[in-house]
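Q: Fold the following, please.
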Amino acid sequence: MTIQQTKTRYSDEFSFYANDAIIGKSIDMYGEYSQIEVDFLLQFLTKNTVVYDIGANIGYHTTAFASRAGHVFAFEPHPKTFQLLAKNTEHMDNVTLFNCAVSNFDGRSRCYDYDTDVKANYGAVSVDDEKGIVEIKCVNLNRADIVLPDLIKIDVEGSELAVIQGCIDLIKRKNPLVYYEAHETVHLPEIYQLLSPLNYKFYWVPVRNYNPNNLNQVEENIFGNSALHSIVAWPANLPDLDLYPVQGAHDSLERLYGDMGVVYHR
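A: Down below sits the predicted model:
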């Protein structure tokens, strides 16, 4: 288990697994990961903002949010991933960590594992109660005694619907910005139908993985043309965003890219 450290935009010594082929490699090369997405979200944060970082991984987004927000509650279920999340945020007094998955029930489940001696994408760990081998804790935040959020960021490899169901009472009470990954889940229609009655507009947020203006000014692009695809549920009482609107519950990335004149490849 080789752990390395490097300087990032938000930490002088950020730890990552040397064999992490995506997040770790990006942080090692560029001093950042998914910075275009991070910059998009940072524009909505102030010193009074409360953020839920659900699927915090090793903490790059968490440390970025903590650099601007009032408080960040970060949730990560995998024990090896959580170990680095804790290490990377131990110097931040406005971060509270939870070694659990957010879901629509309280109890136990399982997730996939990874071997830190084998090069792989450690960020692609999903919850699967039938095939997973690492036992994890699950919490329903609707029943938790926790400060209400202004922003909920969700990156949970296909479990987005369960997360939102486990936050729905909090969302009804606060009407936060809800940002959720869209390309791993088959439940986009259900999420849309769950949130749309709650005074939201929806926008696609496609962001390139490679940032030409990366911290280390590295010109080599290890990501090619790949991108992250998310949706932001935006409170309808706020001014419109200059983004592509989601056209109903059954809209798709194929439709979006077709309108843009680009072929979308999953």
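Q: Please report the number of neighbouring residues for residue 131.
A: 9 (other C-beta atoms under 10 Å). For the C-beta atoms, the positions are set from N, CA and C on the backbone; glycine is no exception.
Q: do the same with residue 92
A: Neighbours around residue 92, by other C-beta under 10 Å: 20.
Q: Double-check that residue 4 belongs to a strand.
A: Yes: under DSSP: H, G, I helix; E, B strand; the rest coil, residue 4 falls within a strand.
Q: OK, contacts around it?
A: For residue 4, the contacting residues are 15-18, 24, 28, by C-beta atoms under 8 Å, 6 or more residues apart in numbering.
Q: The same query, at a cut-off of 6 Å, please.
A: residue 18 (C-beta atoms under 6 Å, 6 or more residues apart in numbering).
Q: What ranges does the stretch 151-266 of the chain have for its helices?
A: Along the stretch 151-266 of the chain, the stretches classed as helices by DSSP state H, counting those that start in this stretch are 160-165, 168-174, 188-195, 253-259.
Q: Which stretch among those approaches residue 39 most closely?
A: Residue 39 sits nearest to helix 253-259 of all the helices of the stretch 151-266 of the chain, at 20.9 Å, using C-beta to C-beta.
Q: excluding its backbone neighbours, what's nearest the residue nearest the centre of the chain?
A: Nearest to the geometric centre of the chain sits residue 155, at 3.3 Å (C-alpha atoms, centre = their mean). In space, residue 155 comes closest to residue 55 once its chain neighbours are excluded; the distance is 4.0 Å by C-beta to C-beta, 6 or more residues apart in numbering.
Q: repeat for residue 58
A: Per C-beta to C-beta, 6+ apart, closest to residue 58 is residue 84, 4.1 Å.
Q: where does the chain dip in pLDDT?
A: Applying pLDDT under 70 to the chain flags the ranges 1, 261-266.
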